[in-house]
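[1] need a 3D model of the following:
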Amino acid sequence: MPTILVADDDQTISHLVASTLRRHGHTVVQAFDAMQTVMYALRAPHPDAIVLDIRMPGGTGLNALRKIRASARTAAVPVVVLSGSTSEDERAAVEALGVTASLRKPVDPEELLRAIDAALGGG
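    Below you'll find the predicted structure:
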């Protein structure tokens, strides 16, 4: 059963994403700020994929993504960005760090599941 790290400071969105993933057989770990996200990502066992909000307290999701990519242990973990941001600069920075997918909030549950399936190699 794949483990997905869901990182979003909006607890309502985090819980909706987590419950969608759990209903489809995934184990979910939740983080609510950038520091927690990095801590959970780097701690063994590492997640099989990460759903990451870009705008979070504690260092921003973009900084968390940089740290995740910088570690040899987590550099290849697939990341699906989930953000309400429309900033082209943020989008370009995220794409440069090699994310699997970039989804906009509010996310369609089916779109999220397709992106996770692709991240895990199933599509």
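
[2] where does this structure have its least confident helix or strand?
    Sorting the helices and strands of the chain by mean pLDDT, DSSP states H and E puts helix 88-96 at the bottom, at a mean of 83.

[3] and the next element down the chain from that helix?
    Next helix or strand after helix 88-96 toward the C-terminus (DSSP states H and E): strand 101-104.

[4] just the CA atoms of that following strand, as CSV, please.
    Only the C-alpha atoms of strand 101-104 are listed here, as CSV (Å, rounded to 0.1, in the frame of the first residue of the first chain):
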residue,chain,number,x,y,z
ALA,A,101,2.0,17.2,-12.0
SER,A,102,0.9,20.7,-11.0
LEU,A,103,-2.8,20.9,-10.1
ARG,A,104,-4.9,23.9,-9.2
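
[5] same for it, what does it pack against?
    Judged by 3 or more C-beta pairs under 8 Å, 6 or more residues apart in numbering; DSSP states H and E, the packing partners of strand 101-104 are strand 79-83, helix 88-96, helix 109-119. All C-beta spots, glycine's among them, are computed from the backbone N, C-alpha and C.

[6] deepest in the core, which of these is it.
    Greatest average neighbour count among the helices and strands packed on strand 101-104 goes to strand 79-83 (a mean of 25), per mean count of other C-beta atoms under 10 Å.

[7] paired strands for it, with orientation please.
    strand 49-52 (parallel), strand 101-104 (parallel) (DSSP bridges).

[8] quick revisit: now the angle from the least confident helix or strand of the chain to strand 79-83?
    If you take axes from the mean of the first three to the mean of the last three C-alpha atoms, to 10 degrees, helix 88-96 sits at 170 degrees to strand 79-83.

[9] name the surrounding residues that touch helix 88-96.
    Identification of contacts with helix 88-96 by C-beta atoms under 8 Å, 6 or more residues apart in numbering yields 54, 62, 65, 81, 83, 85, 102.
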